[in-house]
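[1] heads up, no residue letters with this:
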């Protein structure tokens, strides 16, 4: 379940529980958990650090985060079990024309990679009067959040750079991939069938796909690729375009030229992948 994050915004009176029931329930929870006013921010959010990491990357706007979180009501009912979410800070999602969970965004903005914190979020910084996904109107929410990554693309780039130290034969190309031809065929004239493929050509390749760790996620002995048809990820096609019949290569593909922020099947978001490719015909 994806929970909306939003940039901070002013709240209007219609999102405040005037009955006093929410405030009473929240006070009971705060008192029982020894959370005093020293944890309270100007907006009304309570931010309680659990695990600090002073050297971790700061959460910042427009960076993609990986979070693990759970959510409870003040009565102890868990409304979201431990869940992993990828989100770009600054993006907003609306429910009934309202940007929601502004308190969550405020709390995240105080965190670093590797840190864990608890947020006590009054309803005027959450879903307000909405009855949303099992969360009653005017509910104070308790979030426990771990920032696994404060910059998924930054972490990916660090992993790629580390891999290249021990694999310097892989050279960066303008297509965005890192490429090494491991078996070459002699140069030929353009009329020779052993030339590299052009737009519209259908070629057969075999491949093994694996992560930077070496763990294999896919392989095939006969994949048909139509050049410039968008039938395969951009980085894979960029490598195939450079192969004559019988040639082989290794290509490291950063996630923007592979499966990006969505991932695919067993491949997580923001994951660089490697292929050993042979052009069969």
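    That came through fine. Owing to the predicted nature of the structure, the values given are computational and were not obtained by experimental measurement.

[2] Now the closest residue to residue 141 other than its chain neighbours. Its backbone dihedrals?
    Leaving out its chain neighbours, the residue that sits closest to residue 141 by CB to CB, 6 or more residues apart in numbering is residue 121, at 4.6 Å. No exception for glycine: its C-beta is placed from N, CA and C like everyone else's. Note on residue 121: backbone dihedrals following degrees, to the nearest 10 are phi -120, psi 110.

[3] Hmm, residue 45 and residue 121 touching each other?
    Yes. With contact defined as CB atoms under 8 Å, residue 121 reaches residue 45; the gap is 6.0 Å.

[4] what about the two, which has more around it?
    residue 121 (26 against 22; other CB atoms under 10 Å).

[5] tell me the contacts of residue 114?
    51, 53, 56, 147-148 (CB atoms under 8 Å, 6 or more residues apart in numbering).

[6] By neighbour count, which of those residues wins?
    Ranking those using other CB under 10 Å puts residue 147 first, with 23 neighbours.

[7] Wait, a strand at it?
    Yes. The assignment for residue 147 (DSSP: H, G, I helix; E, B strand; the rest coil) places it in a strand.

[8] Just the pLDDT for it.
    Per-residue pLDDT puts residue 147 at 96.

[9] What of residue 210?
    The model's pLDDT for residue 210 equals 98.

[10] wait, isn't residue 81 in contact with residue 70?
    Yes. Counting by CB under 8 Å, residue 81 touches residue 70, with 6.1 Å between them.

[11] rewinding a little: what do residue 121 and residue 45 both touch?
    103, 107.

[12] element containing residue 239?
    Taking DSSP states H and E as the definition, one finds residue 239 inside helix 234-240.

[13] other SSEs contacting that helix?
    With contacts taken as 3 or more CB pairs under 8 Å, 6 or more residues apart in numbering; DSSP states H and E, helix 234-240 sits against strand 202-210, strand 216-226, strand 248-253, strand 273-279.

[14] buried stuff in it?
    235-240 (16 or more other CB atoms under 10 Å).

[15] Can you tell me the centre-most residue of this protein?
    Centroid-nearest residue in the chain: residue 86, 3.8 Å away (criterion: CA atoms, centre = their mean).
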